[in-house]
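> Provide a 3D model corresponding to the input given below.
(2 chains)
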2 protein chains.
Amino acid sequence: VSGLLERLQAVLGPEHVLVDPDLRASYETDWTRRWTATASAVVRPADTSEVADVVRTCAAAGQPMVIRGGGTGLVNGSVPAAGEVVVSLERLRTLDAVDEVSAQITVGAGVTLAALQAQVRPLGLDFGVDFAARDSCTLGGMVATNAGGERVLRWGVTRTQVAGIEAVLADGTVISRLAGLPKDNTGYDLPGLLAGSEGTLAVITRLRLRLVPRLPARVVALLALESVAAAVDVVRRLRSLASLEAAELFLADGLTLVRRHTGSPAPFVATYPVFLLAECAARTDPSEELLELLEGAAEVADAVIASDAPGRSALWRYREAHTESINAEGVPVKLDVAVPLPRLAEAVDRLPGVVAAVAPGARTVLFGHVNEGNLHVNVLGAPDAAAEHAVEVAVLELVAGLDGSISAEHGVGRAKREFLRLSRGPAEIAAMQAIKSALDPNGMLNPGVLLP
Amino acid sequence: VSGLLERLQAVLGPEHVLVDPDLRASYETDWTRRWTATASAVVRPADTSEVADVVRTCAAAGQPMVIRGGGTGLVNGSVPAAGEVVVSLERLRTLDAVDEVSAQITVGAGVTLAALQAQVRPLGLDFGVDFAARDSCTLGGMVATNAGGERVLRWGVTRTQVAGIEAVLADGTVISRLAGLPKDNTGYDLPGLLAGSEGTLAVITRLRLRLVPRLPARVVALLALESVAAAVDVVRRLRSLASLEAAELFLADGLTLVRRHTGSPAPFVATYPVFLLAECAARTDPSEELLELLEGAAEVADAVIASDAPGRSALWRYREAHTESINAEGVPVKLDVAVPLPRLAEAVDRLPGVVAAVAPGARTVLFGHVNEGNLHVNVLGAPDAAAEHAVEVAVLELVAGLDGSISAEHGVGRAKREFLRLSRGPAEIAAMQAIKSALDPNGMLNPGVLLP
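Have a look, this model is predicted:
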């Protein structure tokens, strides 16, 4: 390894090859802080060419690498496991001028979502994916993990926003497809394949991204409902509005936690079991079409509407404060699952029971994104690690039995690898392994991530 | 081969193994009628299981296969080249009930686009891709070739509509991902990889498809402009309308051909060089927001607007009659290219010149889809096959030099294989070949298609 470190220092300069444990530490865990291990070194290349040099140098030495963006992952996908070199892309921060004609932009993999937003929003454009980690998460990481969030209903997952990719393959060769052509049927969709591959097939270094119109007129409605089935039915009708941008679910127990933690007032005089938060956005005020549609929805027991920014934020706070309010009660087991929408009500109904069966006394708090059948499962009060694992198994087996996904947004990483077989058949896993072997035959990139 | 045919007959029944030349003939060419060759047999399996049996049987005999949908391709991608077995998916016509909750449907690969439309439209839903071959083209073929069309601006290419896939791999194993989860980050995006792979990686047998709202209120505007640059600029602003669904380009010479062929009246009193056809669609009449935006567009020299169905059809006819009007003048060289939108005006400006330089006296007629920089290049009057090839080379080299695509919508097939290197670098072609070898190591599926 010492010879390797010298070669990496020669390539990058000594200041970008971190070996001091104090300097390495922040690169050796992720946002969960559940996983940590020692890296041989942390390297910080400056551009695609330096990334290619690093990959070639490590590959020649048989030195595996872990690829790292903003470190906001939750599934042990960007953390070393056994002395890998961590390749941090934080210095790939080039942010080109917006191509307003195409509504696209080219960015380095290390650009944060917040920096991208700051670049494009003054021009009346926006990025189609947004979530709370925006100040830390990087576009390279978002694409590598195919990040989701609250706007997927309207604009699609991160993969949908990718108009092109530049990446370094495991042998150090560079592929570059940055022209941003929305129609380009010339061979396999490598950008789409790399999106969501969690750094196991290539190192994404630059991205050509689609931008969407920044819509100025917004309205948020918080709806009180008697059941999840009613929420699903209301969302089905809301989808006929082109302006619908988000449809979020939470439940009475989550609202109680949020109110205790934030001190927010009750949104309704009466109590209800289920809440649906819907946001519409358009060039001109979408309130009228939203209200017209809601008036015809018998399921809606009560509703609060806000068009002004403070009012909208106050309503969103009931939903967005769930994570911090749950964390204030203890360290939860967190799972991120999806089921087909016709089975969402059944999933919400059955999940607390399967959790209680393996971890008596534990509390299950659920919230999520209705249209994608995507539930964030938070379990508080599992007594020990064995019970926590039992909760994971019970939840994911239930979800798989409902034809669902064991990881809707967060990815597989090393944390969910043992559960991949629940969502994917043997032939499909074999096909994935064949692709992995074809593009990274020596297993140099993110070994142990994603595939069993 | 005779032993193979007997085994296939045993699997499918003799009536679904066609060996008579008259019965095979329609399966041995595509819509261009430019390519034809003899198949060993044409087989017509009924479902995924029979497709798997066919693939296993042929693979065991070392017998290559060509996969065929509706036969509407234009690039020699579904035609035998040298005694392959043609696997026609025309009998995979299962059309499930619409899942209205999810706005999705599961269909067999052999279902035509028109049959899908007939199934979903009465429920207020629609498929996001549409084009003129709808009565013949099949969903399997549309996904395998990632078909485009006129609505890509709003709903994206066919790959975007795919929520899941069932497919038979080259070894006869079946992968099935039909739950239709919009968020499902559990491994590589195999459905997205198969979309656009032109039958070279697997045989797609069933599809889970996203549906979009069928929007009842529509308005079409035909705009007269002084330049392509003006058309690009108007489209840039039209994109701020969420209702924008199509933005089509044609030119004065194309309009002249169309009027001669169809007898349609002149749309404007004066003559103009460039025309932009824009369509908006919404739940309620989008005319007002379209007119408001156009009033502020100084580039628009004149405009005709139609909201009623006959008026809209009459305006669309100027654009859609281009293909038949060109064909009435002779057999054109047809190319389907795309360039980055900021270079569209330059491409339109330079294309006739590079054609004339290699085929003096030939006429170049251009039309296309503005937002994707997608031009259909039709060259009439190239004197012979050598000149036709010279036209192809000249056009595609110009397009590649503008960072464009040698095949925007139609795919590569065997017809464009020699030009793939113009749009894709050696590292990218090597990565594609590695994926092909990983999933079809013996080259059983569509040999010679897509890859050099």
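
> all contacts plus neighbour counts: C-alpha atoms, from now on.
Noted.

> Checking my notes, A:Val51 in a helix, right?
Yes: under DSSP: H, G, I helix; E, B strand; the rest coil, A:Val51 falls within a helix.

> How far does the helix or strand harbouring A:Ile429 sit from its chain's centre?
Secondary structure assignment for A:Ile429, by DSSP states H and E: helix A:426-439. Centre-to-centre, helix A:426-439 and its host chain are 23 Å apart (C-alpha atoms, centre = their mean, to the nearest Å).

> Same question for that helix: list its buried residues.
Neighbour-count burial for helix A:426-439, counted by 16 or more other C-alpha atoms under 10 Å in any protein chain shown, picks out A:427-429, A:431-439.

> Is chain B within reach of it?
Yes: using C-alpha under 8 Å from any C-alpha of the partner chain, helix A:426-439 reaches chain B at A:427-428, A:431-432, A:434-435, A:437-439.

> Next up, the contacts around A:Asp233.
With contact taken as C-alpha atoms under 8 Å, 6 or more residues apart in numbering or on different chains, A:Asp233 is in contact with B:Val101.

> coming back round to it: counting by contacts, list what the helix holding A:Ile429 packs against.
Helices and strands touching helix A:426-439, as assessed by 3 or more C-alpha pairs under 8 Å, 6 or more residues apart in numbering or on different chains; DSSP states H and E, comprise strand B:174-177, helix B:426-439.

> one more time with 10 Å
helix A:420-423, strand B:162-169, strand B:174-177, helix B:190-194, helix B:426-439 (3 or more C-alpha pairs under 10 Å, 6 or more residues apart in numbering or on different chains; DSSP states H and E).

> Turn these into TSV, columns for mean pLDDT and distance to B:Ile204.
Putting the helices and strands packed on helix A:426-439 into TSV (pLDDT from 0 to 100; distance: least, C-alpha to C-alpha, whole Å) gives the following:
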stretch	mean pLDDT	distance to B:Ile204
helix A:420-423	95	20
strand B:162-169	98	4
strand B:174-177	97	10
helix B:190-194	97	8
helix B:426-439	98	14
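
> can you list these in TSV and add distance to A:Ala39?
Compiled in TSV, the helices and strands packed on helix A:426-439 are given as follows (distance: least, C-alpha to C-alpha, whole Å):
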stretch	distance to A:Ala39
helix A:420-423	26
strand B:162-169	38
strand B:174-177	37
helix B:190-194	32
helix B:426-439	29
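
> how many neighbours does A:Asp302 have?
If you count neighbours by other C-alpha atoms under 10 Å in any protein chain shown, A:Asp302 ends up with 15.

> ok, and the closest non-adjacent residue to it?
A:Ala224 (5.1 Å; C-alpha to C-alpha, 6 or more residues apart in numbering or on different chains).

> Same check on A:Ile326?
Closest to A:Ile326 by C-alpha to C-alpha, 6+ apart is A:Leu257, at 6.9 Å.

> Helix or strand: which one has A:Asp253?
helix A:252-262.

> Measure how buried A:Arg260 is and give me the count.
12.

> Make sure it is actually in contact with A:Ser325.
Yes: in terms of C-alpha atoms under 10 Å, A:Arg260 counts as a neighbour of A:Ser325; the distance is 8.0 Å.

> who touches both of the two?
Common neighbours of A:Arg260 and A:Ser325 (criterion: C-alpha atoms under 10 Å, 6 or more residues apart in numbering or on different chains): A:Gly254.

> Close to chain B: what parts of the stretch 251-400 of chain A are there?
A:281-284, A:289, A:336-343, A:369, A:371-374 (C-alpha under 10 Å from any C-alpha of the partner chain).

> Among those, which lie within strands?
Using DSSP state E to define strands, the subset of these located there is A:281-282, A:336-338, A:369, A:374.

> mind exporting the helix ranked longest in chain A as PDB, just the C-alpha atoms?
If you go by DSSP state H, chain A has its longest helix at helix A:385-401. C-alpha atoms of helix A:385-401 as PDB (Å, rounded to 0.1, in the frame of the first residue of the first chain):
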ATOM      1  CA  ALA A 385     -30.000  -5.400  18.100                       C
ATOM      2  CA  ALA A 386     -31.500  -8.800  17.700                       C
ATOM      3  CA  ALA A 387     -35.000  -7.300  18.000                       C
ATOM      4  CA  GLU A 388     -34.000  -4.600  15.600                       C
ATOM      5  CA  HIS A 389     -32.900  -7.200  13.000                       C
ATOM      6  CA  ALA A 390     -36.100  -9.100  13.600                       C
ATOM      7  CA  VAL A 391     -38.100  -6.000  12.900                       C
ATOM      8  CA  GLU A 392     -36.200  -5.500   9.600                       C
ATOM      9  CA  VAL A 393     -36.900  -9.100   8.600                       C
ATOM     10  CA  ALA A 394     -40.500  -8.900   9.500                       C
ATOM     11  CA  VAL A 395     -41.200  -5.600   7.800                       C
ATOM     12  CA  LEU A 396     -39.300  -6.500   4.600                       C
ATOM     13  CA  GLU A 397     -40.800  -9.900   4.300                       C
ATOM     14  CA  LEU A 398     -44.300  -8.400   4.700                       C
ATOM     15  CA  VAL A 399     -43.500  -5.900   2.000                       C
ATOM     16  CA  ALA A 400     -42.000  -8.400  -0.400                       C
ATOM     17  CA  GLY A 401     -45.200 -10.500   0.100                       C
END
